[in-house]
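In: Starting from these lines, generate the structure:
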Amino acid sequence: MTLPLQFYFERQDYFDAWQERARAAKRSIDLEMYIFQDDAVGQPFAELLAVKAQEGVKVRVLYDSVGSREASEGLWYMLRENGVQVQEYHPIFPLPLKLRRRDHRKILLVDSEVGFLGGFNLMDEDWRDAGVEMSDPRLVGHLQSIFDFSWEGRRQVLRSLSRKRRLRWGENGLHLVPSFGLRRLNMIRQEYLAAIVHAEKRIDLASAYFVPDRGVLRALRKAARRGVAVRVMSTGPSDVPMARWASQYYYSRLLKEGVRIFEFQPRMMHAKTAVVDRCWFTVGTANIDHLSFFHNLELNLVGRDEAAARELEAQFERDLADSKEINREAWERRPDWRRRRERFWHMFRAWM
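Out: Below you'll find the predicted structure:
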């Protein structure tokens, strides 16, 4: 049976749902956010959180110091003054020991009954993204546990939490897969690798920052060689051009094996989704890059559910219509200065 899920692919629809759920909160609101800006999107939501705290709702906000560095101190002051509990993850000053380890999650929980997860940041940017609303008690309960452990900073049970409710490959159902910035607990990467290795017909990947490590790159190339139709979509316009140039370093090797590569054109494509064989899928905060797989706090919804996979696949097909496919012959004729640029930024891939 399909579990209750609602996907969102546009910012306005997603944050309208956030506003509606938050206004109806009776007991608690928990927010974990990479980028929280005091702009036309972030400020109204912050004011709503303040109102709910004044009404007696327990409101907690955990934001990342680097991601939210452009937010004014007035935003956090206003929240605290109205009773919102606020924590900063890995403050920039003093300089954190693990500068690369950021809280890249984007989570909202309301009354421990409804949860949101996806790539949308609380800021005024019209990016093509993906998010999901969950109401299944099992999933929301796990999401609440993940937030609570991040909030409390307790590390001794991270291993058991990261493995909680994991499914064997091939089982139907859904589960949440967190990462905690620890290389030995890179469970999201393992889920991707398992899906790619077991793929029989099709792999559709969308990643805003596609900078795969050696193992993921090898798995994709092997899948294409055994006849799996592999399609990779990244962004054309990018907020981090260096990451796009590092991504392009891999194009030749993938194109050589028959992988089809697309760059979304109308605007920044920030989604992090995948569909394999029209039944396995994932959506969440993790990009296919070193930061997401090995350093950041991330969270993905993963599982086998044909209805959910079909919906994500349909959106992928719509995005293809607005994307430019990379032609292998034309790509190999690109000028040398572009090749040198790709090689240069590829050297910094561990920071992307």
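In: make it CA atoms for all contacts and neighbour counts henceforth
Out: Fine.
In: The stretch 151-300 of the chain: strands as residue ranges?
Out: Secondary structure of the stretch 151-300 of the chain (DSSP state E, counting those that start in this stretch): strands located at 173-180, 202-207, 229-235, 260-264, 272-276, 280-284, 297-304.
In: Who are the contact partners of residue 63?
Out: Contacts for residue 63 (C-alpha atoms under 8 Å, 6 or more residues apart in numbering) come out as 32, 33, 34, 35, 36, 86, 87, 88, 89, 103.
In: what's the pLDDT at it?
Out: Residue 63 carries a pLDDT value of 97.
In: and the closest residue in space to residue 129 that isn't next to it in sequence, how many neighbours does it have?
Out: Of all residues not flanking residue 129 in the chain, residue 271 sits nearest, at 4.1 Å (C-alpha to C-alpha, 6 or more residues apart in numbering). Neighbours of residue 271 under the rule other C-alpha atoms under 10 Å: 28.
In: do residue 128 as well
Out: Using other C-alpha under 10 Å, residue 128 has 20 other residues around it.
In: where does it fall, phi/psi-wise?
Out: Note on residue 128: its backbone torsions stand at phi -80, psi 120 [degrees, to the nearest 10].
In: who's in contact with the residue minimising distance to the centre of the chain?
Out: Residue closest to the average C-alpha location in the chain (C-alpha atoms, centre = their mean): residue 285, at 1.4 Å. Shown in contact with residue 285 (C-alpha under 8 Å, 6+ apart): 104, 105, 106, 117, 118, 119, 272, 298, 299, 300.
In: so where is the protein shaky, pLDDT-wise?
Out: Applying pLDDT under 70 to the chain flags the ranges 1-3, 94-100, 154-172, 182-185.
In: Which strand residues bridge residue 176?
Out: residue 301 (DSSP bridges).
In: what about it, distance to residue 6?
Out: 15 Å (C-alpha to C-alpha, to the nearest Å).
In: So between those two, which is more surrounded?
Out: residue 176 (24 against 14).
In: Might one say that that one is in contact with residue 145?
Out: No: with contact defined as C-alpha atoms under 8 Å, residue 176 and residue 145 do not form a contacting pair (10.9 Å).
In: is it true that residue 115 touches residue 107?
Out: Yes: Residue 115 is within contact range of residue 107, at 7.3 Å (criterion: C-alpha under 8 Å).
In: Which residue is the nearest non-sequential neighbour of the residue nearest to the centre of the chain?
Out: Spatial nearest neighbour of residue 285, excluding adjacent residues (C-alpha to C-alpha, 6+ apart): residue 119 at 5.0 Å.
In: My guess is the one you found contacts residue 298. True?
Out: No: at 10.3 Å, residue 119 does not count as touching residue 298 under the criterion of C-alpha under 8 Å.
In: where do the contact lists of the two overlap?
Out: Jointly contacting residue 119 and residue 298 under the rule C-alpha under 8 Å, 6+ apart are 105, 284, 285.
In: Next one: residue 109 from residue 58, what distance?
Out: 11 Å.
In: got any residues that touch both of these two?
Out: Residues touching both residue 109 and residue 58 (C-alpha under 8 Å, 6+ apart) are 28, 29.
In: Pick out whichever of these two has more residues nearby.
Out: Higher neighbour count among residue 109 and residue 58: residue 109, with 28 against 19, using other C-alpha under 10 Å.
In: Could you pull up phi and psi at that one?
Out: For residue 109, the backbone dihedrals (degrees, to the nearest 10) come out as phi -120, psi 140.
In: Near residue 352, how many other residues are there?
Out: Neighbourhood size, residue 352 [other C-alpha under 10 Å]: 23.
In: cool, and residue 318?
Out: Close neighbours of residue 318, defined as other C-alpha under 10 Å, add up to 11.
In: Enumerate every residue touching it.
Out: Neighbouring residues of residue 318 by C-alpha under 8 Å, 6+ apart: there are none.
In: That one: which element?
Out: Assigned by DSSP states H and E, residue 318 falls within helix 306-320.
In: Helix or strand for residue 86, just tell me which one.
Out: Short version: residue 86 belongs to strand 85-89, going by DSSP H and E.
In: could you dump that strand to PDB, C-alpha only?
Out: Extracted in PDB, the C-alpha atoms of strand 85-89 (Å, rounded to 0.1, in the frame of the first residue of the first chain):
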ATOM      1  CA  GLN A  85      14.600  28.200  21.000                       C
ATOM      2  CA  VAL A  86      17.400  28.800  18.500                       C
ATOM      3  CA  GLN A  87      20.600  26.900  18.000                       C
ATOM      4  CA  GLU A  88      23.500  27.600  15.500                       C
ATOM      5  CA  TYR A  89      25.200  24.500  14.100                       C
END
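In: which one is residue 195 nearest to, not counting chain neighbours?
Out: residue 276 (6.8 Å).
In: now swap in residue 26 and tell me
Out: The shortest distance from residue 26 to any non-neighbouring residue, by C-alpha to C-alpha, 6+ apart, is to residue 57 (6.1 Å).
In: Over to residue 86?
Out: Residue 86 sits nearest to residue 61 (C-alpha to C-alpha, 6+ apart), 4.8 Å away.
In: Tell me the helix or strand right after the helix or strand the one you found falls within.
Out: Applying DSSP H and E as the criterion places residue 61 in strand 58-64. As assigned by DSSP H and E, the chain's next helix or strand after strand 58-64 is helix 73-81.
In: No further queries at this time; thank you.
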